[in-house]
Every structure is written in structure tokens, then in C-alpha cells.
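Asker: Have a look at this prediction, sequence included:
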Amino acid sequence: MVKICCIGAGYVGGPTMAMIALKCPDIQVVVVDISKPRIAAWNSDELPIYEPGLDEVVKACRDKNLFFSTEVEKHVAEADIVFVSVNTPTKTRGLGAGKAADLTYWESAARMIADVSKSDKIVVEKSTVPVKTAEAIEKILTHNNNGIHFQILSNPEFLAEGTAIEDLAKPDRVLIGGRETPEGQKAVAALKAVYAHWVPEDRILTTNLWSAELSKLAANAFLAQRISSINAMSALCESTGANVSEVAYAVGKDSRIGPKFLNASVGFGGSCFQKDILNLVYICECNGLPDVAHYWKQVVQINDYQKTRFVKRVVSSMFNTVSGKKIAILGFAFKKDTGDTRETPAIDVCHGLLGDKALLSIYDPQVTEDQIKRDLAMNKFDWDHPQHLQPQSPTAFKQVSVVWDAYEATKDAHGVCIITEWEEFKKLDYQRIYDNMQKPAFIFDGRNVLNVQALRKIGFIVYSIGKPLDPWVKDLQVSI
Ligand SMILES: NC(=O)C1=CN([C@@H]2O[C@H](COP(=O)(O)OP(=O)(O)OC[C@H]3O[C@@H](n4cnc5c(N)ncnc54)[C@H](O)[C@@H]3O)[C@@H](O)[C@H]2O)C=CC1
Ligand SMILES: O=C(O)[C@H]1O[C@H](OP(=O)(O)OP(=O)(O)OC[C@H]2O[C@@H](n3ccc(=O)[nH]c3=O)[C@H](O)[C@@H]2O)[C@H](O)[C@@H](O)[C@@H]1O
């Protein structure tokens, strides 16, 4: 029986390995992690991450051919194929700080693999890493020269949170990069055989190592670029009276452009887009390509601009001050159908409003009070380190309360900000919300999910990203 071990039981390691176990009953899969609470949660009824459909997949194979364990070294030693799916955060200190990928966790995993291995292994980069990482990993794996052979493969993951199970079950493509030697190609074939259990052969792409590593960074950069492009247009729409949804629809109808990833928003979030683009920027700079670096950096800069612009709209609409005013924040996760808050635009919006002394009442159906308070207190980029290295006790914010109901959050509020596009926010009783708010009552829809006309009819002053401006907002002189 082929034995797979995956180091890192996070958003990628957990679901990816669960899908392999489900589709390959003839393979034993063990997911290991240094975090005891995380592994305990994977072995419990309450999984550590919220992902539609994940519970069913895990329950179908856990303790049959899928196991979660903290015995990292033992399972690595026994495995034929070792996936590494650990954090690769942005460096906060030293060379490349604020841009380069911090490979500390990857390096320590590689050193451990080298130290405990007693048989040949295929080591798979599942984490997103800078191009050429495999070369460094190869050096680490062979450092103690004990006669064990390692083949490194790059097999980046393209799943998106909230749709991970669908994405894994029917991937657009699986990408495997390997050395162009007979041994390298044998390793590529071995990994291909795993995916071939359920992925059609024409969707399994094989390339050289560097193409696979770079394709992952490129794919995220292209996706984020589309969002920044439509968000840049949203600002122009507001100035001209165009409607960004109509523009996106018209542009996306061109089959060369396509309709996906053109939803204007308060800004993209999530653990990867910003991190991976900054990493790409750094790689370009290191390769003497400052113009290319500058080009991609703009994608992140427009994203920051969009978040700042949103806060300015809120504050300027409400008589240029939100000091002492209650503002309801509906949604804190970086997108719907996940409880993940890493790099969520909600953090920047909340910081912006807190900077203007607002009183925030936050509600998200999947994010705990602890998590929200920790996120608001954390330094930039700290969120992407393993949980046990993050601040554990939430900081008390006098100006922030976290509630478990949208009606409670909006009661007596002056304004409501929609930050995450949760379905339930579309179905709220906005007449009831309006009746219980201070007047004038404002709604700022950062996701364009609400019916602007219906809200205006109730009496709200509405701002919706990239939509023709409410006369109230239009009359204000704002520099954005
Ligand atoms: N979250 C996502 O949707 C996607 C993430 N990625 C990439 O996958 C990688 C992992 O991301 P996530 O799963 O989101 O991170 P995560 O933070 O959810 O999981 C990483 C896990 O690795 C563990 N870990 C760190 N060092 C370890 C070590 N030396 N030994 C054992 N366990 C260790 C941590 O405790 C943590 O549980 C990153 O490189 C990310 O860029 C790629 C595609 C999608
Ligand atoms: O490398 C990764 O981590 C992953 O990053 C993204 O997945 P994810 O961040 O989970 O979610 P997305 O659906 O891409 O959304 C990212 C952010 O962009 C925002 N977004 C997305 C689409 C859109 O049209 N507009 C928009 O603002 C979302 O609300 C969210 O904040 C990619 O979609 C995955 O392919 C990739 O594997």
C-alpha cells in the first residue's frame, strides 16, 4: 500500500489529503502537524476549518485510510510520498521584509525529513513557494548525505476556500513539475498515478519544476489583477455615473475575457493573493526586473486604495466624522462560506473606522469573537504564522463589540457596512433594521449584494461600490 504523509494540517493540507483518501482507498494518508489542538480538532466532530462538504469527506475515510496525527517524524519516516503544506508567510524582518516569502517552516520541515528518513522518498511542494525553492530544498534534503534518495516535485494547489471540496473533486487542472531526469520523471509518474484515480488525464499537466512553481504565483497574480482592474473601474464608475456591474457584465461577455472574477468589492482578502504577489514582486526585483516588479505591485496598491476609499466614503458620508457613532460591520471573513479571516478587508476597514473613533458592532456567522479581537490586535503579516506562534489572548478593544446576530449589530447604529457577501445578509428584514437605527440611516455595501433601490425606498442612504451615487453621497466633496 502506498503511504502518503502530509506535513501541515491546514486549509490546504486537510481538505487536499481528505480528497486523496476518499478517491484512493488503496492509499494510506496521514496528515501531521505540530499543532496539537488542530490535530485534535481534525479527529473530533468539530473540524478546525469550516468548508462546505468537508465534514462528509472526512467522516467517510477518517480512521480507515485517513489519519490525523502529531507524530510527525514517525509518519514522515514511514511514507513513500511526503507532501509539505506548511505556512509560507511574508517575511516581517530582515532581507526582503514585507515582500519575500518566509521559508522558515518549509526549511525546518525539510531538515526534519532529511533527518528521519530511512528510505527513498518523493517530497512534494504543496505550499506556494518562490520559484527555485525546489533547488534549495534539494540541498537541504541531501545535506546529511546518508544514501537516501529524494525526488522533489512541485504540485501547487489551486483550490479556493469556500469551494475547496468542489475544486478538489473537479479541478480545472492538476499541475506537477519535476526534474527532467529519468528519476524525476518516474516521481512525476508516481504522483500522476495518485491523481489519475479521479482526475481525467488531460487535466493533469506536467512541466519542469520552475514552470510549476512560477505558474502558481502567476495564476494568483492574474486572478488578483482582474479584481484590482474591476475595482479601479469601480472608482471611475462612481465619478461618471456608470454602473460597475453593467460594465463587468459587458466586458465579461467577451469570450476572450470571460465573466469570472469581475465582481467589484471592498478589496480582495485571503491568505494568498497579497502574499503571493508581494513574493512575485520580490522575485522580479531580485532578478533585475524592476519594471515588471512595479507592474505587479500596482495590483496590491489598487487593493489598498480600494479599502481606504471605502472607509473614506463611510466617514465623509456621515458628516465627516464617525466619532462615537455605532457602525455595524456585517461580515468579517475574507469571503463567504469560510470562517477564515486572514488578510480580510474587514481588518483594514475596522482599523480605518476605529482610527476615526467609531464604535463597532461586528457580526459574522462563522468567525468567533476571540478571532476578531486577535485579528484587530495583530501586526501585519503575523496572522500567517502557525497558530501557536500568534498572540493567544484577545486584546480588549473598548470600541469593539462582537455580537451573534445582524439585528443586534445594527440596533441603534448610524451606519451598516457589508464586508462579506454572506447569503443571509441578502435576506435580512431591512425595514426592521431601518426602524431600529439612528437617522439618517446609512448602508455601505462593500460587496454589491443588496438591492439599492429597495433600500432607498425604505429610507436608507445607500453607497454601493461602483454604482451610481446616492444624491447625498454625490453632493459631498471627497478626495478619494
Ligand atoms: N489557504 C488556501 O486556500 C491556499 C493556500 N495555499 C498555500 O498552502 C500553504 C499552506 O496554507 P494553509 O493551509 O492555508 O496554511 P495553514 O496555516 O492553514 O496550515 C499550515 C499548517 O502547517 C503547520 N506547520 C507549520 N510548520 C510545521 C512543521 N514544521 N511541521 C508540521 N506542521 C507545521 C501549521 O501548524 C499549520 O497548521 C501556503 O503556502 C499557502 O500559500 C495554496 C493554495 C490555497
Ligand atoms: O492560493 C490560494 O490561496 C488560492 O487563492 C484564491 O482562493 P481564495 O483566496 O481562497 O478565494 P478567492 O475566491 O480567490 O477570493 C479571494 C478574494 O478575492 C475576492 N474577490 C473574488 C472574486 C471577485 O470577483 N471579486 C473579489 O473581490 C474575494 O471576496 C476574496 O476576498 C484563488 O482563487 C485560488 O485558486 C488559490 O488556490
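Answerer: Received it, and whenever you're ready, just let me know what you need. Ligands and ions are numbered 1, 2, ... in the order given.
Asker: from memory V473 sits against F460, does it?
Answerer: No: using C-beta atoms under 8 Å, V473 is not in contact with F460; the gap is 11.8 Å. From N, CA and C alone the C-beta is placed, and that goes for glycine too.
Asker: Just want to know which of the two has more residues nearby.
Answerer: F460 (23 against 18; other C-beta atoms under 10 Å).
Asker: Which residue comes closest to the residue in the stretch 1-150 of the chain that ligand 2 sits nearest to once chain neighbours are left out?
Answerer: Closest contact between the stretch 1-150 of the chain and ligand 2, by C-beta to the nearest ligand atom, is at T128 (5.7 Å). Nearest-residue entry for T128: K216, 5.3 Å, with adjacent residues in sequence omitted and distances by C-beta to C-beta, 6 or more residues apart in numbering.
Asker: Please apply the same query to Y195.
Answerer: V174 is the one closest to Y195 (C-beta to C-beta, 6+ apart), at 4.8 Å.
Asker: mind checking pLDDT for T92?
Answerer: At T92, the pLDDT value in this model is 87.
Asker: The helix or strand encompassing A218 vs ligand 1: in contact?
Answerer: Using DSSP states H and E, A218 falls within helix 209-240. No: contact between helix 209-240 and ligand 1 is absent, the nearest approach being 7.4 Å (criterion: C-beta under 6 Å from any ligand atom).
Asker: other SSEs contacting that helix?
Answerer: helix 133-141, strand 150-154, strand 174-178, helix 244-252, helix 273-286, helix 290-317 (3 or more C-beta pairs under 8 Å, 6 or more residues apart in numbering; DSSP states H and E).
Asker: Which residues of the stretch 1-150 of the chain lie near ligand 2?
Answerer: T128.
Asker: all helices for the stretch 1-150 of the chain, in order.
Answerer: 13-23, 36-42, 54-61, 72-78, 104-116, 133-141 (DSSP state H, counting those that start in this stretch).
Asker: Make CSV out of these and add mean pLDDT.
Answerer: Formatted as CSV, the helices of the stretch 1-150 of the chain follow (pLDDT from 0 to 100):
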stretch, mean pLDDT
helix 13-23, 98
helix 36-42, 97
helix 54-61, 98
helix 72-78, 97
helix 104-116, 94
helix 133-141, 92
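Asker: re earlier: export the helices and strands packed on helix 209-240 to a markdown table and tack on distance to S44?
Answerer: Formatted as a markdown table, these follow (distance: least, C-beta to C-beta, whole Å):
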| stretch | distance to S44 |
| --- | --- |
| helix 133-141 | 33 |
| strand 150-154 | 32 |
| strand 174-178 | 30 |
| helix 244-252 | 42 |
| helix 273-286 | 29 |
| helix 290-317 | 36 |
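Asker: could you dump these to a markdown table with distance to V76 and mean neighbour count?
Answerer: Below are these laid out as a markdown table (distance: least, C-beta to C-beta, whole Å; neighbours: other C-beta atoms under 10 Å):
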| stretch | distance to V76 | mean neighbour count |
| --- | --- | --- |
| helix 133-141 | 12 | 18 |
| strand 150-154 | 12 | 24 |
| strand 174-178 | 20 | 24 |
| helix 244-252 | 45 | 17 |
| helix 273-286 | 26 | 22 |
| helix 290-317 | 35 | 19 |
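Asker: low pLDDT regions in the chain?
Answerer: Counting by pLDDT under 70, the ranges of the chain that qualify are 383, 387-396, 477-480.
Asker: picking that back up, what's the most buried one of the helices of the stretch 1-150 of the chain?
Answerer: Ranked by mean neighbour count, these are led by helix 13-23 with a mean of 25 (mean count of other C-beta atoms under 10 Å).
Asker: which outside residues touch that helix?
Answerer: 4, 6-7, 27, 29, 31, 33, 42, 47-49, 51, 54, 57-58, 60-61, 64-66, 83, 85, 126, 157, 159, 164-165, 168-169, 194, 197-198 (C-beta atoms under 8 Å, 6 or more residues apart in numbering).
Asker: what's the spacing between that helix and its chain's center?
Answerer: On the basis of C-alpha atoms, centre = their mean, to the nearest Å, the separation between the geometric centre of helix 13-23 and that of its chain is 19 Å.
Asker: which bits of this protein sit near ligand 1?
Answerer: Near ligand 1, when you scan the chain using C-beta under 6 Å from any ligand atom, you find 7-13, 33-35, 38, 72, 85-88, 105, 108-109, 127-128, 157, 159, 161, 271-272, 386.
Asker: Now do the contacts for the residue in the stretch 301-450 of the chain that ligand 2 sits nearest to.
Answerer: Here the stretch 301-450 of the chain gets closest to ligand 2 at one residue, K335, 3.8 Å apart by C-beta to the nearest ligand atom. K335 makes contact with 161-162, 269-270, 420-421, according to C-beta under 8 Å, 6+ apart.
Asker: If we check ligand 2, which of those are in contact?
Answerer: Among those, the ones lying near ligand 2 by C-beta under 6 Å from any ligand atom are 161, 269-270.
Asker: doesn't T88 make contact with the residue of the stretch 1-150 of the chain closest to ligand 2?
Answerer: Yes: T128 lies in contact with T88 (C-beta under 8 Å); the separation is 5.9 Å.
Asker: what is in contact with these two at once?
Answerer: Shared contacts of T128 and T88, counting by C-beta under 8 Å, 6+ apart, come down to 101, 275.
Asker: Report the buried members of the contacts of helix 13-23.
Answerer: 4, 6-7, 27, 29, 31, 33, 42, 47-49, 51, 54, 57-58, 61, 65-66, 83, 85, 126, 157, 159, 164-165, 168, 194 (16 or more other C-beta atoms under 10 Å).
Asker: What is the neighbour count of the residue of the chain found nearest ligand 1?
Answerer: For the chain and ligand 1, the shortest gap (C-beta to the nearest ligand atom) falls at G10, measuring 1.9 Å. When neighbours are counted by other C-beta under 10 Å, G10 registers 23.
Asker: That one contacts V84, correct?
Answerer: No: taking contacts as C-beta under 8 Å, G10 lies outside contact range of V84: 11.6 Å.
Asker: if we can go back for a sec, can you give me every residue that contacts the residue nearest to T128?
Answerer: K216 makes contacts with 128, 154, 156-158, 175, 276, as judged by C-beta under 8 Å, 6+ apart.
Asker: quick one: buried residues of stretch 429-437?
Answerer: For stretch 429-437, by 16+ other C-beta under 10 Å, it's 430, 433-434, 437.
Asker: from those, which single one is nearest V400?
Answerer: Minimum distance to V400 across these is 18.8 Å, recorded for M437 (C-beta to C-beta).
Asker: and that closest one, what is it in contact with?
Answerer: 410-414, 416.
Asker: do that again at 10 Å, thanks
Answerer: Residues in contact with M437, defined by C-beta atoms under 10 Å, 6 or more residues apart in numbering, are 326, 328, 410-416, 443, 459-460.
Asker: Widest-spaced pair of these?
Answerer: K326 and G459 (18.0 Å).
Asker: Counting neighbours, go ahead and name the busier of the two.
Answerer: A count of neighbours by other C-beta under 10 Å puts K326 above the other of K326 and G459, at 21 against 14.
Asker: Kindly check the end-to-end length of stretch 44-61 for me.
Answerer: End-to-end span of stretch 44-61 (C-alpha to C-alpha, to the nearest Å): 13 Å.
Asker: my bad, should have said stretch 356-376
Answerer: By C-alpha to C-alpha, one end of stretch 356-376 lies 15 Å from the other end.
Asker: from the middle of its chain, how far away would it be?
Answerer: 18 Å.
Asker: Next: stretch 410-426.
Answerer: 22 Å.
Asker: Same question for stretch 159-167.
Answerer: With C-alpha atoms, centre = their mean, you get 11 Å for stretch 159-167.
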